[in-house]
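Undergrad: what follows is a predicted structure for the sequence shown.
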Amino acid sequence: MSIRVAIVDDDESVCRSLGRLLHVVGLESAGYPSAEAFLADEARSTFDCLVLDIQLGGMSGMELQKRLVAERLPVPIIFITAYDNPGIRIEAERRGCAGYFRKTDPGVEIIAAIRNAAQRAKTN
């Protein structure tokens, strides 16, 4: 099963390193430096999972999640953040995110969450 992952993070090194990690385990990825850049891409509906930073310049990750729900784009979202906030974590989980990780969490955990979320989405 081919899995396409969009990575939205304004930290270029995070996009690059996570993209490399996904490539090593056989997953396709594309990086976006902002929520706006992701929204501008006509291919946004072709992704099986979205790895999304909470704090972005411009539109935040939480705002992008709201927008995608409003557009009825049913892509599973896995949030990543450098600044874990229990209130934001609770809100993200309440809204149905497929995962919530700190950027320092092990990559194998993020990959497992991506695979699980994409698999569940493809079977629904």
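TA: Great, that's in hand. Residues are numbered from 1 along each chain as shown.
Undergrad: contacts and neighbour counts: CA atoms only from here.
TA: Noted.
Undergrad: for the spatially most central residue of the chain, phi and psi?
TA: For the chain, Val51 is the residue whose C-alpha lies nearest the centre (Cα atoms, centre = their mean; 1.4 Å). Backbone torsions for Val51, taken as degrees, to the nearest 10, come to phi -100, psi 120.
Undergrad: going forward, begin numbering at 721 instead of 1
TA: Okay, residue one is now 721; in that scheme the one you just asked about reads as Val771.
Undergrad: next one: whichever strand or helix holds Phe821 to chain centre, how far?
TA: With secondary structure defined by DSSP states H and E, Phe821 is part of strand 819-822. Centre-to-centre, strand 819-822 and its host chain are 10 Å apart (Cα atoms, centre = their mean, to the nearest Å).
Undergrad: any idea which helix or strand comes after that strand?
TA: For strand 819-822, the following helix or strand on the C-terminal side (DSSP H and E) is helix 827-843.
Undergrad: C-alpha coordinates for stretch 810-824, CSV please?
TA: Provided in CSV are the C-alpha atoms of stretch 810-824 (Å, rounded to 0.1, in the frame of the first residue of the first chain):
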residue,chain,number,x,y,z
ILE,A,810,-6.7,18.2,24.4
GLU,A,811,-8.3,20.4,21.8
ALA,A,812,-6.5,18.6,19.0
GLU,A,813,-7.6,15.2,20.3
ARG,A,814,-11.1,16.4,20.8
ARG,A,815,-11.2,17.4,17.1
GLY,A,816,-10.2,14.0,16.1
CYS,A,817,-6.5,14.2,15.3
ALA,A,818,-4.9,10.9,14.5
GLY,A,819,-1.8,11.6,16.6
TYR,A,820,-0.1,14.3,18.6
PHE,A,821,3.7,14.3,19.1
ARG,A,822,6.5,16.5,20.3
LYS,A,823,9.2,17.0,17.6
THR,A,824,11.6,15.2,20.0
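Undergrad: what ranges do the helices span in this protein?
TA: 732-744, 755-760, 781-790, 806-814, 827-843 (DSSP state H).
Undergrad: quick one, what contacts Gly819?
TA: Contacts of Gly819 were listed using Cα atoms under 8 Å, 6 or more residues apart in numbering, and they are Ile797, Ile798, Phe799, Glu813, Ile830, Ala833.
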